[in-house]
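Participant: Build me a model:
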Amino acid sequence: MRIYVNGQYAPANPSHDKLTDTIRTDKPLHLGQRAVSAQFRGRLDDVRLFNRALTAEESAKLAER
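Facilitator: The predicted model follows:
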């Protein structure tokens with residue numbers, strides 16, 4: 001997984017990285033909340049998920065829009 005902010009790659013240092021296979025699940029997607037007691041306080045805008053890895057150039061073009 002790669003995270004881009006405004007078209008720029010944002011290196012992440014996950015504290016709990018246990019992904020070993022797929023992220024497919026029958027559970028709903030939750031953004032910005034790990035648990036009821038740890039709610040996200042802020043704003044998320046224009047979150048996009050893709051079924052393939054984007055190149056840095058593709059990410060930069062999306063940020064221009």
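
Participant: Who does residue 9 form a beta bridge with?
Facilitator: Assessed by DSSP bridges, residue 9 has beta-bridge partners residue 4.

Participant: Which residues are in contact with it?
Facilitator: Listed by CB atoms under 8 Å, 6 or more residues apart in numbering, the contact set of residue 9 reads 2, 3, 56, 59. (Each C-beta comes from the backbone N, C-alpha and C, glycine too.)

Participant: I figured the last one was touching residue 4, is that so?
Facilitator: Yes: judged on CB atoms under 8 Å, residue 59 makes contact with residue 4 at a distance of 4.3 Å.

Participant: Just want to know which of those two has more residues nearby.
Facilitator: Using other CB atoms under 10 Å as the criterion, residue 59 and residue 4 rank with residue 59 on top: 20 against 16.

Participant: any idea which element that one lies in?
Facilitator: helix 56-64 (DSSP states H and E).

Participant: Now do that helix: which elements does it pack against?
Facilitator: Applying 3 or more CB pairs under 8 Å, 6 or more residues apart in numbering; DSSP states H and E, we find helix 56-64 packed against strand 4-5, strand 8-9.
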